[in-house]
Structures are given as C-alpha cells and as structure tokens.
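# show me the folded form of this:
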Amino acid sequence: MSIQMNEVYKAFGDVRVLEGFSLEVEEGETLVVLGRSGSGKSVMLKHIVGLLLPDKGNVWVDGQQISNLPTKELYLLRRKVGYVFQFAALFDSMSVAENVGMGLERMKEFSREEIRDRVEECLTLVGLEGLSDRFPAELSGGQKKRAGIARAIAIRPKYLLYDEPTTGLDPLTKAVIDRLILRMNRELGVTGVVITHDMESAYRVGDRIAMLYGGRRRFLGTPDELRSTTDGVVKGFVEGRPELLENAS
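Model prediction:
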C-alpha cells in the first residue's frame, strides 16, 4: 500500500473526530472518501501529509511512518504529496503564475526559466494556458480550482490529495474538475485521495470508495459494491435518505 492509516484516533479537546480510523490506498488508484460535513474527512486528509499527527495509531506514506519523521525528512516527504485545498487557497496579491510556482520557488534548485516553463506546462495541462498573468479575482470558481490543481502538480508529486474539489461548483464545472482528476491519474500516474460528499463525483472518479462515519471507516469497496450495499447508514447517505440513517446503528 502507498498510504496506510492504522487505527488512527484524533480529538480536539472533548471533541473526538477520528476513533480508530483505518484506510489503505493502493498505488496508482484514485480512492474517494465520503462522509457528512463535519465527519472528519479533512482531518483525515491532513494526517496523510503530516499537518496533523494522530493521538494514537499510525500513518504510513511511501513506506515512512509520519509520526517518526524528523522535520527535514517530513519536508522531503511532503514534496511527494500535492494538496488541493477546498477553496483553492490562492493568494489574491499574486498572479496565477506566481501562485502555481510558489512551491517550486521554495525548493531553491530551479532556475527562473525552469520555474516559468514548469508553470506554463501545468497551466496547459489543466486548461488555463494564457491566463498566467491574471489574478485570482479575475478567475471563475472553476478556474480557481484548476489553478489550485496546477499548483499541486507543479512539484510533480507521487500523491495528490483533493479536499472537496467540486464544492460550490455548478454541474458542468464539476464534471470538468472530475475529468481533470481522472486525467491527473491517467497522464501523470499519481495516486489520488479525494474527499467529498458529492455522490456524482465519487462515482465518476473513484476506483474505490470509502465512507467515514462515527470516526471510523464504515465502508470500503468499488462503486458497484457501494451501489449494492445493504448497510443502512451507507445506503442512507448515498441515496439521501435520512430515515435510513436514523434507523441504523
């Protein structure tokens, strides 16, 4: 497995978010994690990149245990991981090109010309060629999401983590972002973890789908297995039927 979370617990004060959550992500797949708003999906994702450390349990990425890594080695591991934030998290005072290239600037080993070429390559890959000099305020919501993906892939990561990539987008733009996620997997060969509560997107991009519920993994399987599940909690979420959630344990 390229990413493993084993019996991870995480609480913030009296609020228990993850309570023995386990997940295995196979190399080369796109795995979707479903869950209701506030269920801990983003918290789970931040453990993978070491932005949060578990109170109990272990997280392994690329054969390395996150909790045991010294700061320098954690930094090097993060260079293998691209993170696409929920609201793109672009800096308003920076152009699109500057936003996309900021990770490369921090690496210090790239020349200005190399950074410029890599940025243009990534913008072309996500369909934003010709927009490098624009600022975030001049972009649509979908364009901002694509710029966020371009920034994530600029470091040429082995893994891409997507935090609610289609939130706030219209159906057509959601479909564009979903196709882009599939393209990242197909053309760049990245292993992807996508967290969402959007079922249409989950079915479109997921090789496998997991569900986070009550701080634990409630389901893990293929899209077809999810469609045919008899678990009332999972079925209630997938079909938007709260009465099933209320009557299931």
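# which stretches of this protein form helices?
41-48, 71-78, 96-107, 112-125, 141-153, 171-188, 199-205, 223-227, 232-239, 242-247 (DSSP state H).
# low-confidence ranges, this protein, go.
The model of the chain has pLDDT under 70 over residues 1, 87-88, 245-249.
# and the residue nearest to the spatial centre of the chain, how close does it get to residue 107?
Residue closest to the average C-alpha location in the chain (CA atoms, centre = their mean): residue 162, at 1.9 Å. Between residue 162 and residue 107 the distance is 22 Å, computed by CB to CB, to the nearest Å. The C-beta positions use only the backbone N, C-alpha and C, and glycine is treated the same way.
# what about residue 197, how many neighbours?
For residue 197, the count of nearby residues is 17 (other CB atoms under 10 Å).
# please report how far residue 184 lies from residue 74.
24 Å.
# swap in residue 167?
28 Å.
# which of residue 184 and residue 74 has more residues huddled nearby?
residue 184 (24 against 16).
# my read: the more buried one touches residue 150, true?
No. Counting by CB atoms under 8 Å, residue 184 sits too far from residue 150 to count as a contact (10.4 Å).
# what do these two both touch?
Between them, residue 184 and residue 150 share no contacting residue under CB atoms under 8 Å, 6 or more residues apart in numbering.
# just to revisit the earlier point, please identify the most buried of the helices of the chain.
When these are scored by mean count of other CB atoms under 10 Å, the highest mean neighbour count falls to helix 141-153 (a mean of 24).
# who are the packing partners of it?
In this structure, helix 141-153 packs against strand 81-84, helix 96-107, helix 112-125, helix 171-188, with contacts taken as 3 or more CB pairs under 8 Å, 6 or more residues apart in numbering; DSSP states H and E.
# contact partners for residue 243?
Going by CB under 8 Å, 6+ apart, the list of residues near residue 243 reads residue 236.
# how close does it get to residue 198?
Taking CB to CB, one finds residue 243 at 21 Å from residue 198.
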